[in-house]
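> From the sequence below, what's the structure:
(chains A, B, C and D)
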Protein chains: 2
Amino acid sequence: MARTQGSHSDVTGPRIRAAAQSLFARHGYAAVSMRQIAAEVGVQAGALYNYTPDKQTLLFDLMKQHMDDLMAALEAQEPLNDPLAALERFTRFHMSFHLERPDAVFIAYMELRNLSEDHFVQVEALRQRYEAVLADILREGQGQGVFVLSDVAVATRAVIAMLTGVTTWYRDSGALSQNEVEEVYWQMVRGAAGASQV
Amino acid sequence: MARTQGSHSDVTGPRIRAAAQSLFARHGYAAVSMRQIAAEVGVQAGALYNYTPDKQTLLFDLMKQHMDDLMAALEAQEPLNDPLAALERFTRFHMSFHLERPDAVFIAYMELRNLSEDHFVQVEALRQRYEAVLADILREGQGQGVFVLSDVAVATRAVIAMLTGVTTWYRDSGALSQNEVEEVYWQMVRGAAGASQV
DNA sequence: CTTTTTTTTGAACGATTGTTCAGTTAACGT
DNA sequence: ACGTTAACTGAACAATCGTTCAAAAAAAAG
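Down below sits the predicted model:
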């Protein structure tokens, strides 16, 4: 056999990326073989190489796409002047964006070490650009006296770690709705930033 | 050749676990081969099987040891009645313990999915016992009105995620000392818990 | 010194890895 | 209807994987 009925790169390409994302998230990049990905799509392993030059680039493309989506969604928001409002919006944005893409998030945080040096640099640059947005909000609030923070750079990382951590335990089937969880985290972020109590 | 000069299980055993820990942390469990571990120790791959029944158990033993050490160190502390003091001590304990063992921490958080079902259950139980200690502190403080938290279980996970996140960026060569970083995080944890401002 | 035990080697096992490619067939353009 | 292009198969490649084990040599015991 050769080309199969209904085969089309517009269909197979996305299905390959989807299968790779799902498998990488569940078992880890190194533990997943090209043949497993191919089997999930219903295709032979050789066919994958019409869509990616190699396994490593397949991983990178997934990460890059995720980070690009993240930055695009963040920068689509119009700026807010009030630091407290900006921090609340960032908190809710980060949580909902991440909770909607658990697989992509998992990969972005776990598979950095499996990137080549060149690919790592690109992803890391995007991550820093994202961090910088939160850092600016905290710095501005600090300057206005709305926030009390001894170190903005450390606080930035601490807040992001706290927020991203939600993906390790939140399930839609759980007791709390996504909105309720956002609310709980927002109160904690507000307190961590040293904003005056309500 | 066969048995080598100076060979002794009291020496080789620990060296194998140390090499495995270092390599697993740097490249990930699935990406490290038994031959790489053996090479780091200066031994042939077959010799590893005098010390572990298989690769999977080698990983589990590292994780189990780490969690046991963590629980032992935590429970060696005498109880504190004051919730604020207890939270501060927990914060500093968690940070310093984790910063002293970056490799073990990395493995404990990244390689859970590479454990067999049985091994995972054991590690998860220890993790929950650890979480419960913090949850008790927060609940007690909440009851006394020292903390203001809308959900203790969520807050517990949020605080631990925030604190553990320090291991992803802190380096001894950095601008801040370990003590200074602890102080910054403690102020944020205190705020996140809703403790009244100083 | 001799015997027993402990530790390691080195080769081998079948299975699986990422990747390549000539051949084959479906889809598309004319 | 026919020729071209795009998509995929299936076999093959060398390399590497985790694991086993008889043989060998050092260490420990007697």
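
> In which helix or strand does the residue nearest to the spatial centre of chain A reside?
Centroid-nearest residue in chain A, with C-alpha atoms, centre = their mean: residue A:105, separated by 3.9 Å. In this structure, residue A:105 sits in helix A:102-110 according to DSSP states H and E.

> That helix: which residues count as buried?
Going by neighbour count (16 or more other C-beta atoms under 10 Å in any protein chain shown), the buried part of helix A:102-110 is A:103, A:104, A:105, A:106, A:107, A:108, A:109, A:110. C-beta coordinates here come from the backbone N, C-alpha and C atoms, glycine included.

> Counting by contacts, list what it packs against.
Counting contacts by 3 or more C-beta pairs under 8 Å, 6 or more residues apart in numbering or on different chains; DSSP states H and E, the secondary-structure elements packed against helix A:102-110 are helix A:9-27, helix A:55-75.

> in the helix or strand just after the shortest one, what counts as buried?
Downstream of helix A:9-27, the next assigned helix or strand under DSSP H and E is helix A:34-41. Of the residues in helix A:34-41, those buried by neighbour count under the rule 16+ other C-beta under 10 Å are A:34, A:37, A:38, A:40, A:41.

> Output those of these also counted as contacts of DNA strand C.
Among those, the ones lying near DNA strand C by C-beta under 7 Å from any atom of the strand are residue A:34.

> for stretch A:70-86, which positions count as buried?
Neighbour counts over stretch A:70-86 (16+ other C-beta under 10 Å) mark A:70, A:74, A:83, A:84, A:86 as buried.

> Which residues does it contact?
A:89, A:93, A:97, A:126, A:129-130, A:133, A:137-138, A:140-141, A:144, A:146-147, A:190, A:195 (C-beta atoms under 8 Å, 6 or more residues apart in numbering or on different chains).

> now it: how far from the chain's centre is it?
Distance of stretch A:70-86 from its chain centroid, counting by C-alpha atoms, centre = their mean, to the nearest Å, is 17 Å.

> Next: stretch A:114-126.
15 Å.

> Please determine whether that stretch lies in contact with chain B.
Yes: part of stretch A:114-126 sits near chain B under the criterion C-beta under 8 Å from any C-beta of the partner chain, namely residue A:114.

> Enumerate every residue touching the nearest residue to residue A:164 once chain neighbours are set aside.
The shortest distance from residue A:164 to any non-neighbouring residue, by C-beta to C-beta, 6 or more residues apart in numbering or on different chains, is to residue A:98 (6.1 Å). Contact partners of residue A:98, counting by C-beta under 8 Å, 6+ apart, are A:105, A:163, A:164, A:166, A:167.

> re the thing from before, wait, which of the buried residues of helix A:102-110 is closest to DNA strand D?
Nearest to DNA strand D among the buried residues of helix A:102-110 is residue A:110, at 18.7 Å by C-beta to the nearest atom of the strand.
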